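Undergrad: Here is a sequence together with a model predicted from it:
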Amino acid sequence: MKIRPLLSVVLMAALFTPVFVLAQPSDLAVPAKRETTVALAKTLLQPRVYAVSPADAISPFAPPTFDQPDPEELKSQRAAAAAAAAGIVHRTPGDRGVLEQLAEKIVPSGIARLGGNAILLFGQKKLKVGDRLTITFEGNDYDLDITSIGNTNFTLRYNSEEITRSIKPGK
């Protein structure tokens, strides 16, 4: 009967011995080695004092010509001033005026229905509701959205303005 407690002690020792023997060494360095690393880190974290840049240094964030007007803008201002001096009044049309001028240029060849959805035909080009049509007019590109297509008409949107045009196939 005395063998049983002795055997359990020996088995327990055998089970827990490999854990102590195979234990991994610590990843932490000894305190003396850590002190040098901490001292280096403290010196790296100190804010740096930068030398003053020369007065003639050009900043990449504010180049010298930053405040200058755009050459194209100057050209248009000169043209507007010349037109005003000549007595010509040139008003730039608003979004509605631009849309009306562009809508005159858009002539679809017809419509088709595919699966209940209307498709606006421009020769080989096929556009549906939600598609964007880019028109170049007087040197500027305008993006028009197709908002609806009916049996005999279609609606275009430019910015917040909309216009409905009739579909005239063959013209």
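TA: Everything's here; your move. Every value quoted in this text rests on a predicted model; they were computed, and no experiment measured them. Residues are numbered from 1 along each chain as shown.
Undergrad: Would you map the helices across the chain?
TA: 3-21, 31-45, 71-85, 95-105 (DSSP state H).
Undergrad: What is the last one packed up against?
TA: What that stands for is helix 95-105. strand 132-137, strand 140-149, strand 153-158, strand 161-166 (3 or more Cβ pairs under 8 Å, 6 or more residues apart in numbering; DSSP states H and E). (Glycine included, C-beta is placed from N, CA and C.)
Undergrad: Output the contacting helices and strands for the longest one.
TA: If I follow you right, that is strand 140-149. Identification of packing neighbours for strand 140-149 by 3+ Cβ pairs under 8 Å, 6+ apart yields helix 95-105, strand 117-122, strand 125-128, strand 132-137, strand 153-158.
Undergrad: That strand relative to strand 132-137, how many degrees between them?
TA: Angle of strand 140-149 versus strand 132-137, following axes from the mean of the first three to the mean of the last three Cα atoms, to 10 degrees, is 140 degrees.
Undergrad: Partner strands of strand 140-149 and their direction?
TA: In the sheet, strand 140-149 lines up against strand 132-137 (antiparallel), strand 153-158 (antiparallel) (DSSP bridges).
Undergrad: Tell me which of those approaches Lys168 most closely.
TA: The closest of the strands paired with strand 140-149 to Lys168 is strand 153-158. By Cβ to Cβ, the value is 9.9 Å.
Undergrad: quick one: that closest one to helix 95-105, angle?
TA: 140 degrees.
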